[in-house]
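Task: produce atomic coordinates for the following.
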Amino acid sequence: MQLKTALLFATPCDDEEDNMATLCCHSDKGQMFLMTRYPDEDTVDITLDDEPSTLDGLKVSLSAKRLLIEVAPGDADVFKGDDHLEITLTSDGTDLAEVEETLQNILKGTGTYVSEL
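Alright, predicted model coming up:
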């Protein structure tokens, strides 16, 4: 599955939301992607449009122009049958350092983060 977005919005640790880490975007076609995790949780929550899923074992790769989220084949329903979601960044406005910190917080102990920056 593929999305295009101008910006990724990242919050590594939201004090007002019990230190939840959040990464989200809206695609150029109006689709919403949201990935969150509380520090005391063992799983990651992903919402695509209005369909939430709880996962573990994710692999996420970040480069200057792409975010790639890979799930186990058994979890492909989260991305409408695909085992991955590729989000292409169409502008340079995203704070990649904040996105990287957020991804590290989200995936710590429950997934794999690969930096291609």
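
now what about stretch 21-36, what contacts it?
For stretch 21-36, contacts defined as Cβ atoms under 8 Å, 6 or more residues apart in numbering pick out 3-14, 20, 37, 39, 44-50, 69, 85, 87, 90, 99, 102-103, 105-106. (Each C-beta comes from the backbone N, C-alpha and C, glycine too.)

Now do that stretch: distance to the chain's middle.
On the basis of Cα atoms, centre = their mean, to the nearest Å, stretch 21-36 sits 8 Å off its chain's mean C-alpha point.

For the residue nearest the centre of the chain, name its beta-bridge partners.
Nearest residue to the geometric centre of the chain (Cα atoms, centre = their mean): residue 35, 4.5 Å. Beta bridges link residue 35 to residue 23, residue 46, judged by DSSP bridges.

Now restrict the contacts of stretch 21-36 to buried residues only.
When those are checked for burial by 16 or more other Cβ atoms under 10 Å, the buried set is 3, 5, 7-12, 20, 37, 44-46, 48, 69, 85, 87, 99, 102-103, 105-106.

Which ones among the contacts of stretch 21-36 lie within helices?
Judged by DSSP state H, those include 99, 102, 103, 105, 106 as members of helices.

Just the C-alpha atoms of stretch 82-89, please, in PDB.
Taking Å, rounded to 0.1, in the frame of the first residue of the first chain, the C-alpha atoms of stretch 82-89 are listed here in PDB:
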ATOM      1  CA  ASP A  82      -0.600  -5.500   1.900                       C
ATOM      2  CA  ASP A  83       2.300  -6.500   4.300                       C
ATOM      3  CA  HIS A  84       3.700  -2.900   4.100                       C
ATOM      4  CA  LEU A  85       2.800   0.700   3.900                       C
ATOM      5  CA  GLU A  86       5.100   3.100   2.000                       C
ATOM      6  CA  ILE A  87       4.600   6.800   2.800                       C
ATOM      7  CA  THR A  88       6.300   9.000   0.300                       C
ATOM      8  CA  LEU A  89       7.200  12.500   1.500                       C
END
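
If anything else comes up later, I'll come back, but that's it for now.
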